[in-house]
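Engineer: My questions concern the predicted model and sequence given below.
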Amino acid sequence: MHAQPAVHEVTGIILPHAWDRPGIPAAVSIHGRDESVTVVADTPKGKELLAHCRAMARVKGRVEDKGGRRVLAVCDYEILRPWMSVGQKNRGR
């Protein structure tokens, strides 16, 4: 029996990772401040992030290594305000 991957939290900017033929983003990845790149898995919750390209987000999910890439199956996410950084509370401005 295989152990389930642990839930991880990734914070970064959501950017297009793949495009369809007309040039519309079809997949996204999360780019962290440490220059890490985490590809978002093609799941219903992951597809919701397509509407938030170029936004900063805190994303939780299960991370797996697939062909040398970190791939995140999204469980939950929060879109952050531009001035909000890791460790700060969103004060509702």
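Structural biologist: Done, it's in.
Engineer: isn't there a helix covering Lys45?
Structural biologist: Yes: residue state for Lys45 (DSSP: H, G, I helix; E, B strand; the rest coil) corresponds to a helix.
Engineer: That one and Val74 touch, don't they?
Structural biologist: Yes: the pair Lys45 / Val74 is scored as a contact, 4.3 Å apart, by Cβ atoms under 8 Å. (Glycine included, C-beta is placed from N, CA and C.)
Engineer: ok, these two, which is more surrounded?
Structural biologist: The residue with more neighbours, out of Lys45 and Val74, is Val74; 21 against 15, by other Cβ atoms under 10 Å.
Engineer: From Pro22, how far out is the more buried one?
Structural biologist: Distance, Val74 to Pro22, using Cβ to Cβ, to the nearest Å: 25 Å.
Engineer: before we move on, back to that, what residues do Lys45 and Val74 have in common as contacts?
Structural biologist: Listed as contacting both Lys45 and Val74 by Cβ atoms under 8 Å, 6 or more residues apart in numbering are Gly61.
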